[in-house]
Structures are given as structure tokens and as C-alpha cells.
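A.B. asks: Fold the following.
(one chain, ligands or ions: 1)
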Amino acid sequence: MARRPLIAGNWKMHLNIQEAQQLAQNVVKSTIQANDRDVMIAPPFTSLSIVAETTKNSSVILAGQNCCWADKGAFTGEISPLMLKESGCSMVILGHSERRHIYGESNSIINKRLLGAMQLSLDPILCIGETLQEKESGQTMDVLELQIREGLRDVKVTEPAKLIIAYEPVWAIGTGKTASKEQAQDAHAFIRGILGKILEKNVASNIRILYGGSVNPENVDSLMAQLDIDGALVGGAALKAEMFDRIINFI
Ligand code: PGA
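C.D. replies: Next comes the predicted model:
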């Protein structure tokens, strides 16, 4: 089974409701010809309903940028998987480096979120990646292995499409410094190997692993040509309709 490419746009804390609607209209246009790949966008929570309305007759997949493990309750500032589903989301980004590093989210919190999302059939994109300091001290593979093992604790995956991993080296996010295609491929092959140890092999070989960190129209084609790179998680360039269009239509 070939892995279907996924181009995912993470809008982070950008765009007002009207800007979100406009960008979503453009993303819908960009996906009309893109039948052999999936396209996902994760708007801020305040724009989910307008974006859901704008994309409803298209193949664009909607995602949350984070979620709680509980359906409801006293969790000020959080959003539940149920609420995301009700708003039209079928995926959720979890463990993004900004959650880990600005808000101190640990592997075990991220694991809790992931289990909660999966229980409600909200497909998680688990983000992992090493910092510059970890890279320079030769700890990249250890950090990635720990993030995967702890992030996926108690997770049972029967359908590979239901779990997505995003490798985002922290030093490459929003910096304009992309991992070289060889560095990215090496990390992705390593990640697939770890997945093979903790999940069933045939499941692991079909899980999509996205690359994230300064993906742009110039580097997307060569990244996507790598054996174990199955998609891209795009921040800055996903906010510009023309750039994201080119990324969606990578060759
Ligand atoms: P960037 O962000 O494309 O702006 O580097 C990627 C991300 O944070 O997911």
C-alpha cells in the first residue's frame, strides 16, 4: 500500500476570521486538481466554524492545533476532542514544539491528549523533534525515540492512516533553516524503525511521517522525493495562498 501524501498547514495564532475565510477559499481552489494527496489546515479555534463552512464541499481536512483528553469539564483554556469534532475537525496537531517549549508540555501530557483524541476518532499528528542544543550534543536519535515511545504509550494502532507523525527539528521551525533532504530522510527512516519496534511492522510501514520546519516552494519537491517523507507540516508558507498552492502541488 502506497502512503498517500499529506500536506498540512498550521496557521498557529494568525489571521482574523475574514482573513481565515479568504485563505480557506484559496486552499479549496488549490486542492481541486490534487486528487492523489490529502490537504489539511489547522486554523485558530476562533476561525474553525467559518473555515468548516468554506471547505464543506471540498476535500480539505480540518484540524485543531491542540486538544484536551476529556470530553468536557473544568479545564480552563482547553478545548475537547468532542468540541473539535463538532466544529468539523477530523485531525488534531499534538505536541507541537511551541506547546512543548513555550508551555512546557511533557511527553506524558502529550500522550494523555493523544489517547483522548484517538478515543474519539480524532486522528492525531504527533509532532516530535530535537532542539539545536540536543542536535549539537549528538542526542537527536535518543530524543526522538523517547518522544515517540512516551508519546505513543498505550496507543493501539490498527489503521495506519489514523496516526501521523511529524518530524520537526526545533531549530528549523520558523527560522528559514531546513534540514537537508538527507538529514530529514535519515531521521524519518529512524522514526519508522522505532515505530516498527513498538507497533506492528506492517502498520509502521504504512504510517505517514511528515517533515516540518521551513518548508517552502523551493525545497518541497526535493523533500517529498525522499523515500520516508510522506508529507509536510507547513507554518509560515501556509499563510500565503500562492506559496501553499505550490507546496500542495509539489512534484
Ligand atoms: P514553519 O513552521 O514552516 O514556519 O517553519 C512549521 C511548524 O511550526 O509546524
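
A.B. asks: what about Gly236, how many neighbours?
C.D. replies: Neighbour count for Gly236, taken as other CB atoms under 10 Å: 17. Using the backbone N, CA and C atoms, a C-beta is placed for each residue, glycine as well.

A.B. asks: Is it in contact with Gly174, as I believe?
C.D. replies: Yes: under the criterion of CB atoms under 8 Å, Gly236 makes contact with Gly174 at 6.2 Å.

A.B. asks: Identify the contacts common to the two.
C.D. replies: Common neighbours of Gly236 and Gly174, using CB atoms under 8 Å, 6 or more residues apart in numbering, are Ser214.

A.B. asks: The residue lying closest to Ile173 once chain neighbours are set aside - how many residues pack around it?
C.D. replies: Nearest non-adjacent residue to Ile173, counting by CB to CB, 6 or more residues apart in numbering: Gly213, 5.0 Å away. Around Gly213 there are 26 other residues, counting by other CB under 10 Å.

A.B. asks: Check Gly213 and give its pLDDT.
C.D. replies: Gly213 carries a pLDDT value of 95.

A.B. asks: same thing with Met1?
C.D. replies: Per the predicted model, pLDDT is 56 at Met1.

A.B. asks: Same question for the one 3 residues further on.
C.D. replies: With respect to pLDDT, Arg4 scores 96.

A.B. asks: just checking, it is part of a helix?
C.D. replies: No: the assignment for Arg4, made by DSSP: H, G, I helix; E, B strand; the rest coil, is coil rather than a helix.

A.B. asks: now it: how far from the ligand?
C.D. replies: Here Arg4 is placed at a distance of 20 Å from the ligand (CB to the nearest ligand atom, to the nearest Å).

A.B. asks: Checking the top helix by length along the chain against the ligand, do any of its residues make contact.
C.D. replies: Assignment by DSSP state H gives helix 181-198 as the longest helix of the chain. No: Helix 181-198 stays clear of the ligand (CB under 6 Å from any ligand atom), getting no nearer than 12.9 Å.

A.B. asks: In that helix, which residues are buried?
C.D. replies: Along helix 181-198, these residues count as buried under the neighbour rule (16 or more other CB atoms under 10 Å): Lys181, Ala184, Gln185, Asp186, Ala187, His188, Phe190, Ile191, Arg192, Ile194, Leu195.

A.B. asks: quick check: mean pLDDT across it?
C.D. replies: If you average the pLDDT over helix 181-198, you get 96.

A.B. asks: What is the subsequent helix or strand relative to that helix?
C.D. replies: Using DSSP states H and E, the next helix or strand after helix 181-198 towards the C-terminus is helix 201-204.

A.B. asks: Quick check: next helix or strand after that following helix?
C.D. replies: Counting by DSSP H and E, what follows helix 201-204 is strand 208-212.

A.B. asks: C-terminal to that next one, what's the next element?
C.D. replies: helix 220-224.

A.B. asks: Just give me how far that next one sits from the chain centre.
C.D. replies: 17 Å (CA atoms, centre = their mean, to the nearest Å).

A.B. asks: got it, and stretch 41-50?
C.D. replies: Remark: stretch 41-50 is offset 15 Å from the chain centroid, using CA atoms, centre = their mean.

A.B. asks: ends of that stretch, how far apart?
C.D. replies: Using CA to CA, to the nearest Å, the end-to-end distance of stretch 41-50 comes to 13 Å.

A.B. asks: Okay, buried residues for it please.
C.D. replies: Those would be Ile41, Ala42, Pro43, Pro44, Phe45, Ser47, Leu48, for stretch 41-50 by 16+ other CB under 10 Å.

A.B. asks: ok, residues contacting it?
C.D. replies: Stretch 41-50 is contacted from outside by 8-17, 20-21, 24, 27, 51, 55, 60-65, 79, 84, 87-89, 91, 93, 238, using CB under 8 Å, 6+ apart.

A.B. asks: Equivalent analysis for stretch 140-153, please.
C.D. replies: With contacts defined as CB under 8 Å, 6+ apart, stretch 140-153 is touched by 94-95, 107-108, 110-111, 114, 126, 128-131, 134, 163, 165, 167, 169, 187, 190-191, 194-195, 198-199.
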